[in-house]
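Engineer: below are the sequence and a predicted model for it; my questions follow.
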Amino acid sequence: MHGAGPNLAFWVLAALTLVSAGGVMVSRNLLHAVLFLIVSFLGVAGFFILLSAPFLGMAQIIIYVGAIAVLVLFAILLTPRAGRDNGETRWAAPGVLLSIALMAVLLFVITDTKWTTAKDAPEITAADLGQALLSTWVLPFEIASVLLTAALIGSIMLVRSPEEEAEDALQ
Amino acid sequence: MSLLMLITDNWYDIRDLGNVSHEILYQLDRVLPYSLVYIIAALMGFVASFLIFVLPSQLFVGVLGERKIIGRMQSRYGPNRVGKFGLLQPIADAIKLIQKEALTPKAADKAVMYIAPIVFVAPAVLLFAVVPFGGHSVFADIPVSIVYFIAISGLPVLAAFIGGWSHANKYSLFGSMRIVAMTISYEVPLVLSLLSVVLITGTMRLGGHDGIDGIVQWQRDYHIWLIFLQPLAFLIYFFCVSAELNRTPTDIAEAESEIVAGYLTEYSGMKWGLFYGMDIGYALAAAAFASTVFLGGWSMFGLDRWIPSWLIIIAKTHLFYFIFIWTRGTLPRLRIDQLMTFAWKFLLPLSLANLLVIATEKVIWNKATDGNFDNFWVYIFAAVNILLSVAAVFIWARLLGYRPEATPKRPRLVNTASGYVPIPAPSREVR
Amino acid sequence: MTVGLEHFLVVGALLFCLGLAVALSKRNAIGVLMGIELMLNAVNLTLLSFSRFQDTPHKVAGQTFVVFVITVAAAEAAVALALAVSVYRNRQTVDVDQLNLLKS
Amino acid sequence: MNALKSEPFVLNIGPQHPSTHGVFRVKVTVDGERIIDAEMVMGYLHRSMEKLAEERTYTQNIPFTDRTDYLSSMSNNLGYCLAVEKLATIEVPDRGSAIRVIMAEFQRIASHCMAAGAFTNDTGAWQTPVMWAFREREKILDLFEMTCGARLTCNYMRIGGVAFDLPKEFEPHARKLVDTLPGFVDELEGLMSENEIFLARTRGVAVVPHELAANASLAGPMLRGSGIAWDIRKADPYCGYEKYDFDIPIGYQGDSFDRFIVRLEEMRQSVKIIKQALDGLPSGPHSTQVPLALRPPKGEAYARVEGPRGELGYYLVSDEGPSPYRFHIRPPSFINLSVLKQMTVGHSVADAIVALGSVDIVVGEIDR
Amino acid sequence: MPTRWWTGQEMAEAAERLVPGSVAKSTDAACYLHVEKMLEAMEALRVDPETDFLHLTNTCGVDFWDHFEVVYHVQSFDKNQFGTLKVECWERDDAVLPSVTGVWYGAWMQECETYDLFGIKFEGHPNLHRILLWEGFPGWPLRKDFLSMPGGLQPGLNEFAGTARRDAPPVVVVE
């Protein structure tokens, strides 16, 4: 990372991402939590662009912000009133403690390791990515598409209402 | 010709505004630190695109022109009181909106309600970053600008959604639910139609110039606009984008006659004004994008050597925007289930079929020319695609049950008052 | 100070731990899902930073992996949300503490 | 959207809503976008005209009838005057009758302009058809202004005739207008009836089968849209309608599109009637002399005319006093509304708006 | 062929033929039905092919100080004929009549209106409520003794509004 621009961008994005992730943790209203989550996603997308992967950054925005976050909002609206608080379960304290412990371990590992870093960013275009997906990684790619199809059909089956099932059974 | 050579690509060559900005930045770079030039470049691009494109278009085409044109369509004058021909009307509107009291309902989620217009405005400005106004005058010439455009244009729906949700108004909630459902549905054929464009051109960059691949450059190279090569993709894009922009006939999210103003119901003053203005901004951005991808962008079959390229793209954008105004002035609104059916049963299969056809053509092109692509095949493909598009649209509509002749459009006439007159059974002997 | 690999890794680790805390402590099923999404994002961030800063024989491996993670995350979100909606419809709650259908 | 179930909630369409055409309210219970119950709330404009009319003389009551259905004041005047004439057995001179026919038919066109325009507005055609319709309606209102000085609440008919004779500029202007009106109807038909979106929005929406239409006392275009050929002008001619040649347009299945095309066709037929009436306009007095303090003999009378919205009836009971003992209006759009629930339940909110628009309500008449 | 307006005697004849004993009296203008047999007679008049009165045009009440009359104007499309039926109600404080919504659905809004303005209750009506005035409006405005009824019904808007505000119905916030 050279120059002031990327450095500044990193700090701004780090603050944005982490603060809004904290917002997801502390906000009591589920909808506000989703809004914080969206900001966090956008920050991560910014990180991707900063890490010379603009295509993935855009994909992050399309998929996470445009699709997943909207889906979450929709799901919240479909589970009315009662399902809209964002309170803690009784296992909250152990969970938070566990995360803090994990954080300590990870931070120790990160700071303790001597990372060998390359100077220049590798030039990876969207075309390269597509080539790799359809040659080297073609099997996982196909499996992923099968997984997506399965998820699509599965979620349709899950949210079908009893009346619709009855209609289908009649036909 | 020699005169043209003299000014080509020099800073005073106004055919491409990129030249002058390059020159300014080059000179600045010699005296200022890099990071400062970085910021100045960003500001300059912003100010330039704002002054040349967004502001005049938005104010005088979006606000005033739309009202004038629709007024003419409705056999009235439109605004003509403020200034000559009502030219100052947008400014008067803005002043009025700023002065107006911005009401906030008591039950509203205030923070969200205040944030929503801001979230709505930001992407509209960001969208213009990748629209090329000339070979060198692209604000942000990123290699994946099509994906960028799709990504950013998916953001305003969030603003509309949270804005509508935040005021605890049932009409607004209706609008919010509708806009989200509609946007999710229409995003799919939209992306698929653009995918076919990417497939045939082999690049995700919007602009490009001599030496750099780009969609506009591709259209210049092969002397054809993509609207002729891929009419079906253009149609699908047009329908999808007008659905996402909430323009009639698909403005169900703010359907005035049904749910008052949808997600805008409780907004007033400048908060409403931001939504209103930026709606126009999005429409202009979509029009600019469409004219870049499908109408050749800043190129004009060689005429761009003589006419400033930014004038060409502005003209095309306004032409496209006029179509938006036209549909708004004449068409009724669809119902939400009809819209969903249209997206999933009509546009999606057609876009998939289009993708298939384009992929096949690309393979044929590859095989036939052995990698040395030439114009001949492009024109053949254009002819084939136009025919196929027309056939596909009509056949698919028929298969889905579209029978225009089955609907009588005039009432029956009887001469005496009697009771119920049964409908005569349709006679098949005529055939 | 020049930003390097460690910085990105720290951000990724913090994001992961925040996501973990959210996923473990929230009562609402959708809240839990949001925590999981945060964790997946942190993983993506870490993968990409390795891909950017480390010399590997496969240049695109890191980015490809991110593509797969995003795909799986999308599928997972869709299924999980469908589950949440369907659970709410059947049980009138999305409180994970009260969902003890399998408890004998 | 129907697949996404949510908690049923109550949505108030009105009293302040762009598509209720006045202060009228429909309380719909919706489940998602689907309506599961609809309840009408009205009376925001109630002025108790029937009570007020019992305190005023027969002639003084004519302005009240203007204000019931303020979009068709001429027809209301006519219906009331016919009822009084029937009660007191007063003859109307031929010229008076012909003028009444001309005015009532012009009023029908004006009212249908409003109805068709507002209906297209409800389907979402943003203001354009309604503006075109208003343009034509303005010309008709100009004719009214030329004749009686008022545009909306004309107060033109009198017991025994009309208030004033036609001014001499009336006939050329009316003929000019009559020549252009069919073109306007064609224009509107081309814009809306040929439009696929409009067809999709209105075909099969808010269907009233003919059995229900007859049983629910519907009248006017609502009844004719369901395929019942019933028009008071044909069935029970008044003011010499038997002399004019015109047809009754009837629809097919009784959906909102049928009502729309029936209204458009009625405008054409009205133009036909006006042409004939202008051609055969007799000379002579326009009104008979009727005592100002009219005291009709004891009895009752029910007279009806075919108003733009349907059978517009006036029921009068006299006790030989100077004012009616009982004054009752049969408001067509009030009674046409009784099938609103059948038209909307099971459809979406957008369809409910279309259904309400196709009834063509006037709140002043509903609430009286 | 113009409409044939049936006199009361003709109506009475037809009703008596279809449902014997249903007619109370008949005048030139109208045929008066017995309250007990009115629904039966109306149904018979509606379905009989001779009478065929399947369209109830108009319903309204008339107050004659000592009794109410409810007027039913019925007509036939196919036969093109028109008749008047009447029912008398001699009770003032608790005026009750059977509802004809089962015979002609179109009566329901008009019966609501008659109830609202005259205070005649229609038994068997699916949803009898005050359709034009608000629930709790004092008195029945179209009765002739409305001005002398309890509730201070002097002319003037204040009295009306004031009365309403004193006994305003509880506001139910519907979620």
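Structural biologist: Thanks, I have the structure now. Residues are numbered from 1 along each chain as shown, chains lettered A, B, ... in the order given.
Engineer: what parts of chain A come near chain B?
Structural biologist: Residues of chain A lying near chain B by C-beta under 8 Å from any C-beta of the partner chain: A:3-5, A:8, A:29, A:31-32, A:35, A:38, A:54-55, A:58-59, A:61-62, A:65-67, A:69-71, A:73-74, A:77, A:125-126. Placement of C-beta: from N, CA and C, glycine included.
Engineer: of the residues you listed, just the buried ones, PyMOL syntax please.
Structural biologist: Applied in PyMOL, the following selects the buried portion of these according to 16 or more other C-beta atoms under 10 Å in any protein chain shown:
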select buried, chain A and resi 31+32+35+38+54+55+58+59+61+62+65+66+67+69+70+71+73+74+77+126
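Engineer: all strands for chain C, in order.
Structural biologist: Per DSSP state E, chain C has no strands. Nothing in it meets that criterion.
Engineer: count the residues that sit near the residue in it positioned nearest to chain A.
Structural biologist: Nearest to chain A in chain C, going by C-beta to the nearest C-beta, is residue C:24, at a distance of 2.7 Å. Neighbour count of residue C:24, defined by other C-beta atoms under 10 Å in any protein chain shown: 20.
Engineer: ok, now the one 10 residues further on?
Structural biologist: Residue C:34 sits with 29 neighbouring residues when counted by other C-beta under 10 Å.
Engineer: and it, how close does it get to chain D?
Structural biologist: For residue C:34, the distance to chain D equals 21 Å [C-beta to the nearest C-beta, to the nearest Å].
Engineer: could you do residue B:314 as well?
Structural biologist: In terms of C-beta to the nearest C-beta, residue B:314 sits 26 Å off from chain D.
Engineer: which of the residues of chain A next to chain B fall within strands?
Structural biologist: Short answer: those have none in strands (DSSP E).
Engineer: filter the residues of chain A next to chain B down to the ones near chain C?
Structural biologist: Contacts with chain C within the residues of chain A next to chain B, counted by C-beta under 8 Å from any C-beta: A:59, A:67, A:71, A:74.
Engineer: quick one: pLDDT of the first one?
Structural biologist: Looking at residue A:59, its pLDDT stands at 87.
Engineer: now it, nearest residue through space, not along the chain?
Structural biologist: Computed as C-beta to C-beta, 6 or more residues apart in numbering or on different chains, the closest residue to residue A:59 that is not its neighbour in sequence is residue C:70, at 6.2 Å.
Engineer: for the second one, same thing?
Structural biologist: When the adjacent residues along the chain are set aside, residue A:67 lies closest to residue C:74, with 6.5 Å between them (C-beta to C-beta, 6+ apart).
Engineer: could you do the third one as well?
Structural biologist: Excluding its sequence neighbours, the residue lying closest to residue A:71 (C-beta to C-beta, 6+ apart) is residue C:81, at 5.3 Å.
Engineer: what do you get for the last one?
Structural biologist: For residue A:74, the nearest residue in space outside its immediate sequence neighbours is residue B:180; the separation is 5.9 Å by C-beta to C-beta, 6+ apart.
Engineer: do the longest helix seen in chain D and chain B come into contact?
Structural biologist: Counting by DSSP state H, the longest helix found in chain D is helix D:94-122. Yes. Legend: contact between helix D:94-122 and chain B by C-beta under 8 Å from any C-beta is shown at D:120-122.
Engineer: can you give me how far that helix is from the chain middle?
Structural biologist: Chain-centre distance of helix D:94-122: 8 Å, with C-alpha atoms, centre = their mean, to the nearest Å.
Engineer: which other helices and strands contact it?
Structural biologist: Packing partners of helix D:94-122 (3 or more C-beta pairs under 8 Å, 6 or more residues apart in numbering or on different chains; DSSP states H and E): helix D:73-88, helix D:128-148, strand D:161-162, helix D:170-188, helix D:256-279, helix D:349-359.
Engineer: could you check the angle the fifth one makes with helix D:349-359?
Structural biologist: By that I understand helix D:256-279. 20 degrees (axes from the mean of the first three to the mean of the last three C-alpha atoms, to 10 degrees).
Engineer: quick one: residues contacting residue E:94.
Structural biologist: Residue E:94 makes contact with residue E:121, according to C-beta atoms under 8 Å, 6 or more residues apart in numbering or on different chains.
Engineer: mind listing the helices for chain E?
Structural biologist: Under the criterion DSSP H, chain E contains helices at E:8-18, E:38-47, E:107-118, E:157-166.
Engineer: to chain B, which of the ones you listed lies closest?
Structural biologist: When those are compared by C-beta to the nearest C-beta, helix E:38-47 sits nearest chain B, at 13.4 Å.
Engineer: and stretch A:92-107, what's buried?
Structural biologist: With burial defined by 16+ other C-beta under 10 Å, the residues of stretch A:92-107 counted as buried are A:95-96, A:98-99, A:103, A:106-107.
Engineer: let me know the closest of the residues you listed to residue C:29.
Structural biologist: For the buried residues of stretch A:92-107, the closest approach to residue C:29 (C-beta to C-beta) belongs to residue A:95, at 15.1 Å.
Engineer: pretty sure that closest one is touching residue C:21, no?
Structural biologist: Yes. Contact criterion C-beta atoms under 8 Å: residue A:95 and residue C:21 qualify, at 6.0 Å.
Engineer: by proximity to chain C, which residue of chain A wins?
Structural biologist: Closest point on chain A to chain C, by C-beta to the nearest C-beta, is residue A:95, at 2.7 Å.
Engineer: can you pull the contacts of that residue?
Structural biologist: So residue A:95 contacts A:89, C:20-21, C:23-25 (C-beta under 8 Å, 6+ apart).
Engineer: go with 7 Å
Structural biologist: C:21, C:24-25 (C-beta atoms under 7 Å, 6 or more residues apart in numbering or on different chains).
Engineer: who's in contact with stretch B:258-269?
Structural biologist: Under the contact criterion C-beta under 7 Å, 6+ apart, stretch B:258-269 has outside partners B:97, B:100-103, B:105, B:108, B:160, B:163-164, B:167, B:169, B:171-172, B:174-176, B:179, B:253-255, B:272, B:275, D:17-19, D:349-350, D:353.
Engineer: residue 51: neighbour count?
Structural biologist: By default, I'm working from chain A. Residue A:51 has 26 neighbouring residues, counting by other C-beta under 10 Å.
Engineer: that's the wrong chain, I meant chain B
Structural biologist: The number of residues near residue B:51, taken as other C-beta under 10 Å, comes to 10.
Engineer: residue of the stretch 151-300 of chain B nearest chain E, please.
Structural biologist: For the stretch 151-300 of chain B, the residue closest to chain E is residue B:170, as judged by C-beta to the nearest C-beta, at 10.0 Å.
Engineer: mind listing the helices for the stretch 51-200 of chain B?
Structural biologist: Here the stretch 51-200 of chain B has its helices, by DSSP state H, counting those that start in this stretch, at B:55-56, B:66-73, B:89-99, B:110-127, B:145-153, B:156-166, B:170-201.
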